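> turn this into a model:
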Amino acid sequence: MKQAFWLLISWLLISCDGSKFQNAATQNLSRADKLHYEQYMIQGQQLYNTHCSNCHQADGTGLGQLIPPLAQADYLLNDQSQTFCIIKYGLNDKITVNGIEYEQPMPANEKLTNIEIAQIATYVYNSWGHESGFIPVKRVSQEIDKCQ
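Presented below is the predicted three-dimensional model:
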């Protein structure tokens, strides 16, 4: 029932052709993939607000030199597969984002399903100046299986 509701909302957004989530990366998607993209963006935003925004902030700017930004983050663009692993299993290593080194560990989110990670990733990779397009759960599942 809940999924049907979100599909209806997504369909309405696409059919009105005025969605705030459309970008250059979505122009060549099939109608079905646009529907999935809209659904992932809506649910990804909700999941991001629940699981990520407390540290990375609602606008993706992070917390100074303690928590790295996601907005305009070069680190995200270097390796999406690594990002999926970090969302699921956390991070305890130092990382450099936009020339700044961060040491604060990121806790694991092992209870998130692969589809939830795909939704968060689709939202993050299409917000705050990023335009990477739809990230399907199949791809996330394949990459999560490779995480070390």
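
> excluding residues flanking it in the chain, which one is nearest the residue nearest the centre of the chain?
Residue closest to the average C-alpha location in the chain (C-alpha atoms, centre = their mean): Ala121, at 2.0 Å. The shortest distance from Ala121 to any non-neighbouring residue, by C-beta to C-beta, 6 or more residues apart in numbering, is to Ile135 (4.8 Å). The way it works is simple: take the backbone N, C-alpha and C, and place the C-beta from them, glycine included.

> looking at it, Val97 is touching Leu77, isn't it?
No: using C-beta atoms under 8 Å, Val97 makes no contact with Leu77, being 10.6 Å away.

> so for these two, which sits in the more crowded spot?
When neighbours are counted by other C-beta atoms under 10 Å, Val97 and Leu77 differ, and Val97 comes out ahead with 18 against 12.

> what does the pLDDT read for the more buried one?
Val97 carries a pLDDT value of 96.
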